[in-house]
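Undergrad: make a model of this:
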Amino acid sequence: MNTRTLIAGDAYSPVILHVPHASRVIPSEICSALAVTGDQLAAELDEITDAHTDVIAQHAAQSVTLQPWTLRNDLSRLVIDPERFPDEREELNAVGRGAVYTRTCNGDVLRNADNITRDALLDNYFHPYAAAMSDLVTDRIAAAGRAVIIDVHSYPTLPSAYELHPDGERPALCIGIDPHHTPPWLVEAAYAAFSPLKDIGMDTPFSGTYVPLDHYNTDPHVYSVMIELRRDQYLTDKGELVDIAAENLGAMLGRLVDAADRGSR
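TA: The predicted model follows:
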């Protein structure tokens, strides 16, 4: 079973499209240990999967001249969430939604994760994924002099019960930034690329953006910005993909890829 997919880009492209939450796949041995029914699991996956963000990223990669690199997580975030801190720095540990989820979106028990179970999931899935992303970033710096991560996500129209800041605005696009890794030009490029949406916010309802921990706050050659699309921009009420909407959003993301390549030189 593939746990992740790396799609190679141009040898000199600094841009990495990161797609961490698009998959619904859970290995059978992990799924059988979850403390939820099949219906509960399906509902949880519907709520927390960033459905079809891999398709939007693919459209973006196909719309540009200098191909970006893409790293896609091929397992559900119910296995591990590669974007969480794996230690006490993670604020969502308070609601059982850290690197290893122990609670569902509505607070029901998802798994009984003792330290042995948690450490096994981190060792088998979290740390190898983090190493792969770190290696890719290091490789792009060596080849292009810098790495620009575009972190591709989506979120539901209504807040989930676990959210710590549910009262924030929920625009068509949320741009997430980091004070050390998101320069003003990259924020401006994101606004410009997605300007057809008009309804754009920053760090609401979610904030921050992904940087591998061994580069985080220490490596000035790493830039990152998070793109969070509200799902009603490209999904029907039944969660079905609207192809033309995905293509249009992919074209906008492609414009950001182009701008990220130019702006980081």
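
Undergrad: report the buried residues of stretch 214-226.
TA: 215, 216, 219, 221, 222, 223, 224, 225, 226 (16 or more other Cβ atoms under 10 Å). Placement of C-beta: from N, CA and C, glycine included.

Undergrad: report the contact partners of the third one.
TA: This points to residue 219. With Cβ atoms under 8 Å, 6 or more residues apart in numbering as the criterion, the residues that contact residue 219 are residue 141.

Undergrad: for it, helix, strand, or coil?
TA: Per DSSP: H, G, I helix; E, B strand; the rest coil, the local secondary structure of residue 219 is coil.

Undergrad: do you know how far it is from residue 181?
TA: Look at residue 219 and residue 181: by Cβ to Cβ, to the nearest Å, they are 8 Å apart.

Undergrad: can you report how many residues lie near residue 92?
TA: 17 (other Cβ atoms under 10 Å).

Undergrad: correction: residue 182
TA: Neighbours around residue 182, by other Cβ under 10 Å: 22.

Undergrad: nearest to residue 38 among the buried residues of stretch 214-226?
TA: Residue 38 lies nearest to residue 226 out of the buried residues of stretch 214-226, by Cβ to Cβ, at 32.0 Å.

Undergrad: ok, that closest one touching residue 209?
TA: Yes - at 3.8 Å, residue 226 and residue 209 qualify as touching, with contact defined as Cβ atoms under 8 Å.

Undergrad: can you give me the helices in the protein?
TA: 28-31, 38-48, 53-62, 115-121, 127-144, 184-193, 243-263 (DSSP state H).

Undergrad: list the buried residues for the first one?
TA: The neighbour-count check on helix 28-31 (16+ other Cβ under 10 Å) flags residue 30 as buried.

Undergrad: and the two most separated of the buried residues of stretch 214-226?
TA: 221 and 226 (18.7 Å).

Undergrad: just the buried residues of the helix or strand of the chain with the lowest mean pLDDT, please?
TA: When the helices and strands of the chain are scored by mean pLDDT, DSSP states H and E, helix 115-121 comes last with a mean of 94. Of the residues in helix 115-121, 118, 121 count as buried by neighbour count, 16+ other Cβ under 10 Å.

Undergrad: what's the offset of it from the middle of its chain?
TA: 23 Å (Cα atoms, centre = their mean, to the nearest Å).

Undergrad: out of the buried residues of stretch 214-226, which is nearest to residue 32?
TA: residue 226 (33.1 Å).

Undergrad: from residue 101, how far off is residue 27?
TA: The value you get for residue 27 to residue 101, if Cβ to Cβ is used, is 15 Å.

Undergrad: quick one on the thing from earlier: could you single out the most deeply buried of the helices of the chain?
TA: Burial of the helices of the chain is given as mean neighbour count (mean count of other Cβ atoms under 10 Å); helix 53-62 ranks first at a mean of 22.

Undergrad: what packs against that helix?
TA: If contacts are counted by 3 or more Cβ pairs under 8 Å, 6 or more residues apart in numbering; DSSP states H and E, helix 53-62 sits against strand 15-19, strand 69-73, strand 147-155, helix 243-263.

Undergrad: which stretch among these comes nearest residue 129?
TA: For residue 129, the closest of the helices and strands packed on helix 53-62 is strand 69-73, at 6.6 Å, according to Cβ to Cβ.

Undergrad: could you check the angle the closest one makes with strand 15-19?
TA: Counting by axes from the mean of the first three to the mean of the last three Cα atoms, to 10 degrees, strand 69-73 points 20 degrees away from the direction of strand 15-19.
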